[in-house]
Structures are given as C-alpha cells and as structure tokens.
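# coords please:
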Amino acid sequence: MTNTNLSGKTVLVIGGSAGIGLSIARIAASEGARVHVASRGVTNREGNLEAAAYHQCDAKSEESLDQLFKAIGRVDHVAMTVHESAARLGIDTTADKMNLDAVMEYCNGKFFSQYRVVKAALPHLASGGSITLTSGVASRATMANHSAISAVNAAIEACVRQLAKELAPHRMNAVAPGVTATTTYDAMLPAAKEDFVKKIAAKVPLQRIASAEEVALAYIFAMKSGYVSGSVIDVSGGQLVA
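From the prediction side, this is the model:
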C-alpha cells in the first residue's frame, strides 16, 4: 500500500499565489508538506502562505522552468494551475468572430505551459510522484462561445491519458473544474461577469459555483491516492449531467 500521507513530502504548486493554487498550497502545508509556490510575478507573502517557499517562474519559458526545478531539487508532487484568461483574450466568442492569434496565445498559456512543466519536472520527480494538470469542464460540456476553449481543455485531458501510460510508474492526472469563485473571470465587465455566473449556477444541479477550496481538494486527492493515474477528476457540481 502506498503512503497516503503528505507529511514530509515536497509539493510544488505552479500558479499558487492565488485562487485554486493557493488553496492547494494551504491544504498541503496543513498536512505537513514542504510547499513551494511558483508564480509569474513576485508574490507578496502578506495574506498568503507564510510557511511556503516562493519562486518566480514563467511557465511559457523552458529555461525558467528548468531553473525552478533545479532550485527545488527532488519533488514528490506537482500541481499546475496556471492558465490564460479566455475572457481577456476575447476567445469566448463564435467561430466567425474568432481571433486565431488569440486562440494560439490561449493554447500556449494553458496547454503548452502545462506540457513544459511535465517535461521540466520529470528529471526531478520522486519515485511514486505525481503531476496534476488543470483542464476544465468545458472539455466535455456544451457551452455557448466555447469552441476554442473546449478544444484546448480536451487536448489537456487526452494528453494526460497518454502520459499516464508513457510515464508510469509516475502518476499523471488532471482536474477539470467548473466555474469557480476566483479571479479567472475578472477580465469580464462586472455586469457581464455577474450575469455569466448566474446563468452557470442555474444550470448546475448544486445551483452554485465552486469555491477554490472545494476544487483544491481534488488535487490533494490526486497526490495522496497512489492508485489514481490517467484520470480526469471533475469538480463541476454535476454540470456534466445537467
């Protein structure tokens, strides 16, 4: 039986300065893990996790990621929550209005950044270690103006299944959150954001959106359950069966 305790384990959260990533870091630290948090900008410790080691890293740069993993050394679990804002890029629209350069930027930020993390992590990943990526419920849910967003998220999930076989006994998983109360949608105008959240909540069986802490627990589960690999863990309030 594998050790399901995070105590003494080294956990790296990339994109861990806020939202879901910060919640993952807090839960891991509360369970005794040695937590490292990496983000693109300089993180202000005030209001964040005092016990964590903070690193500045750009997931769009292989060199930056290599430097990050060399600085940390051996790592037991990696959680990747970095993403691009579809709303900021304006790709939450119909195909006839789509800016393909913006789609490529979204793909680079969400898909290729995560693939870069996998590549950089492998030489440093401990035996029995895990990497958990982030997709989204849009990978399989039918949602208006989400063709490009759905394609990128589906690509992440397909990649995870292939990598789980290719990289075993290392474990590869993805978490697919539904709409979550984080800064992800802050690029939307306030009225549009409020309307979007209300419409999504009305379609979800639980009649609300997720908290960051609720989604974070799925990443912790993927770290601790040694027999979970090649899986996509949905945290969508039942949206996929609505």
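# Where does pLDDT dip in this protein?
1-3, 42-48, 182-189, 193 (pLDDT under 70).
# give me phi/psi at the most centrally placed residue in it?
When CA atoms, centre = their mean is applied to the chain, the residue found nearest the centroid is Thr81 (2.7 Å). Main-chain dihedrals, Thr81, degrees, to the nearest 10: phi -120, psi 10.
# does it really touch Gly136, like I thought?
No. Using CB atoms under 8 Å, Thr81 is not in contact with Gly136, being 11.2 Å away. Any C-beta I mention is one placed from the backbone N, CA and C, and that applies to glycine too.
# buried stuff in the longest strand anywhere in the chain?
Longest strand of the chain, by residue count under DSSP state E: strand 125-134. Neighbour-count burial for strand 125-134, with 16 or more other CB atoms under 10 Å as criterion, is recorded at Leu125, Gly129, Ser130, Ile131, Thr132, Leu133, Thr134.
# elements contacting that strand?
strand 75-80, helix 113-121, helix 147-167, strand 171-177, helix 212-224 (3 or more CB pairs under 8 Å, 6 or more residues apart in numbering; DSSP states H and E).
# Would you mind telling me which of these is nearest Arg26?
helix 212-224 (7.8 Å; CB to CB).
# contact partners of that closest one?
4-6, 9, 11, 19-20, 22-24, 26-28, 31, 76-77, 79, 81, 130, 132, 171, 173, 175, 177, 180-182, 228, 231, 233, 235 (CB atoms under 8 Å, 6 or more residues apart in numbering).
# in its sheet, what does the helix or strand following it sit against?
Counting by DSSP states H and E, the next helix or strand C-terminal to helix 212-224 is strand 231-235. Here strand 231-235 is paired, per DSSP bridges, with strand 171-177 (parallel).
# quick one: the nearest residue to Ile209 once chain neighbours are set aside from Gly128, how far?
Among residues not flanking Ile209 along the chain, Val179 sits closest, at 4.5 Å (CB to CB, 6 or more residues apart in numbering). Distance, Val179 to Gly128, by CB to CB, to the nearest Å: 33 Å.
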